[in-house]
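Undergrad: Fold the following for me, if possible:
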Amino acid sequence: MLIYNPKPWAVILAGGDGTRLQSLTRFISGDTRPKQFCPIFGDRTLLAETRARLRKFIPPERTLFVVQDAHQPFYRDQLADVNPDLILSQPANKGTAVAIAFAIGKILARDREATVAVFPADHYYNNDGIFLAAVERSCHVVEHNQTSLTLLGVEAYSPETEYGWIEPEFDDRDAARVLRFWEKPSLPRARELLARGCLWNTFVMIGKAGTFADMIHAAAPGLTESVQPILRHWTDPRHRRIFSILSPVDFSHNVLALETGRLLVLPLRGIRWSDLGKPERVIETLAEAGIRPRWVERFGGLSNNARTA
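TA: Numbering: from 1, shown residues only. Model prediction:
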């Protein structure tokens with residue numbers, strides 16, 4: 001049973017281009033929409049699934065969405081019930097660190113002591129209860145480690161070469177210190193990481209808003225200096241020109257990998273997770289979950305044991 005905690009804010013990252021999965025999403029939807037706006041598992045899109053999952057713990061009025069101007073035709077109806085002030089539509093995709101920096105800047109303007117949880121909009125979890133319990137535990141971890149970020153790492157079940165891996169310092173604590181990241185390792189290395197009990201990186205992160213801001217500033221001080229002036233004039237067309245000169249910054253490579261001393265990881269056990277990064281992974285996930293969406297009848301290649309959604 002989850003205990004309601006009014007403190008956390010959620011940031012849902014929904015501004016990715018989804019190019020790796022575009023052949024499948026075009027097949028499903030008949031257009032160029034990224035996967036987060038596509039109904040892969042049934043009638044609801046991945047973004048709608050993410051919203052439904054998170055609202056069980058974080059209220060809608062504390063949930064921000066980072067999207068992209070070019071995707072407005074795809075998210076307009078899906079976010080029609082959201083306060084426009086909670087939607088940050090970027091003129092272009094400048095990477096995850098830029099998206100997070102603007103969301104954090106907006107939250108800090110409202111609540112200097114905020115705890116923030118960052119979530120991709122396009123991932124799959126087969127057990128919301130386990131996932132949300134881990135998010136709640138992470139919020140408590142943050143209260144005792146206010147200068148650290150806590151990542152959720154899934155217990156790995158195969159030598160995956162397409163995921164990022166987290167190597168923790170194993171001990172008896174609920175959340176362990178992060179020793180190192182391994183990004184898309186070779187197969188021999190992935191087998192070694194699996195055998196050692198390393199974790200898959202879900203890119204779900206929980207921490208104080210100020211900690212996110214400090215870590216981004218250490219990696220890209222020019223970005224943090226640009227955040228507040230652009231936020232103040234977010235609806236002014238001139239901000240688009242300023243935004244266009246920002247350099248892309250990736251949160252995993254340019255921030256997390258350089259700040260492992262400030263990172264903790266909380267293991268997610270007994271759960272199946274996927275980033276749905278390529279068509280083959282989507283098909284595998286659907287088959288494993290026993291779900292057979294209507295579009296599969298046209299696509300083929302899924303076990304008949306799956307149920308129609």
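Undergrad: Next one, pLDDT for the nearest residue to Asn126 once chain neighbours are set aside please.
TA: Nearest non-adjacent residue to Asn126, counting by CB to CB, 6 or more residues apart in numbering: Arg272, 4.2 Å away. C-beta here means a position set from N, CA and C on the backbone, and glycine is covered the same way. Arg272 is assigned 94 on the pLDDT scale.
Undergrad: Please report phi then psi for Arg272.
TA: The phi and psi values for Arg272, taken as degrees, to the nearest 10, are phi -110, psi 130.
Undergrad: Can you list the buried residues in stretch 264-276?
TA: Buried residues in stretch 264-276, counted by 16 or more other CB atoms under 10 Å: 264-268, 271-276.
Undergrad: likewise stretch 74-82?
TA: Quick answer for stretch 74-82 (16+ other CB under 10 Å): 74-75, 78-79, 82.
Undergrad: Can you name the element that comes right after the helix or strand where Gly129 lies?
TA: According to DSSP states H and E, Gly129 maps onto helix 128-144. Per DSSP H and E, the first helix or strand lying C-terminal to helix 128-144 is strand 149-155.
Undergrad: Let me see the mean pLDDT of that next one.
TA: Computed over strand 149-155, the average pLDDT equals 96.
Undergrad: Listing partners with orientation, what would you give for that strand?
TA: Applying DSSP bridges, strand 149-155 is found paired with strand 199-208 (antiparallel), strand 263-268 (parallel).
Undergrad: Next, format those as TSV and append mean pLDDT and distance to Asp250.
TA: Below are the strands paired with strand 149-155 laid out as TSV (pLDDT from 0 to 100; distance: least, CB to CB, whole Å):
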stretch	mean pLDDT	distance to Asp250
strand 199-208	96	11
strand 263-268	95	16
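Undergrad: Reformat those strands as JSON lines; add distance to Ile216.
TA: Rendered in JSON lines, the data for those read as follows (distance: least, CB to CB, whole Å):
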{"stretch": "strand 199-208", "distance to Ile216": "11"}
{"stretch": "strand 263-268", "distance to Ile216": "14"}
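Undergrad: Nearest approach to Arg298 belongs to which of the ones you listed?
TA: strand 199-208 (30.8 Å; CB to CB).
Undergrad: So the residue nearest to the spatial centre of the chain versus Leu187, what's the distance?
TA: In the chain, the residue lying closest to the centroid (CA atoms, centre = their mean) is Pro120, at 2.0 Å. As judged by CB to CB, to the nearest Å, Pro120 and Leu187 stand 25 Å apart.
Undergrad: Phe203 too?
TA: Distance from Phe203 to Leu187, by CB to CB: 22 Å.
Undergrad: Which parts of the protein are helices?
TA: Taking DSSP state H, the helices of the chain run over residues 22-29, 46-54, 72-75, 96-108, 128-144, 187-195, 209-219, 221-232, 238-244, 251-254, 279-289, 296-299.
Undergrad: ok, residues contacting the first one?
TA: So the one you mean is helix 22-29. For helix 22-29, the surrounding residues in contact (CB atoms under 8 Å, 6 or more residues apart in numbering) are 18, 32-35, 37-40, 279, 282, 295, 298-299.
Undergrad: can you rerun that using 7 Å?
TA: Outside helix 22-29, the residues within contact range by CB atoms under 7 Å, 6 or more residues apart in numbering are 18, 32-35, 38, 40, 279, 282, 295, 299.
Undergrad: now those in CSV, with pLDDT and distance to Met215?
TA: Output for the contacts of helix 22-29, formatted as CSV (pLDDT from 0 to 100; distance: CB to CB, whole Å):
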residue, pLDDT, distance to Met215
Gly18, 83, 26
Thr32, 91, 33
Arg33, 94, 32
Pro34, 95, 27
Lys35, 96, 28
Cys38, 95, 32
Ile40, 93, 32
Pro279, 90, 34
Val282, 92, 32
Trp295, 88, 40
Phe299, 74, 41
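Undergrad: Which ones among those residues map onto strands?
TA: If you go by DSSP state E, these have nothing in strands.
Undergrad: The helix holding Gly129: how far from the chain's middle?
TA: Relative to the chain's own centre, helix 128-144 is displaced by 15 Å; criterion: CA atoms, centre = their mean, to the nearest Å.
Undergrad: I'd like to know which elements it is packed against.
TA: Applying 3 or more CB pairs under 7 Å, 6 or more residues apart in numbering; DSSP states H and E, one finds that helix 128-144 makes contact with strand 115-120, strand 149-155, strand 199-208, strand 263-268.
Undergrad: Export these as CSV, with columns for distance to Ala257.
TA: Listed next are the helices and strands packed on helix 128-144 as CSV, based on distance: least, CB to CB, whole Å:
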stretch, distance to Ala257
strand 115-120, 16
strand 149-155, 12
strand 199-208, 11
strand 263-268, 10
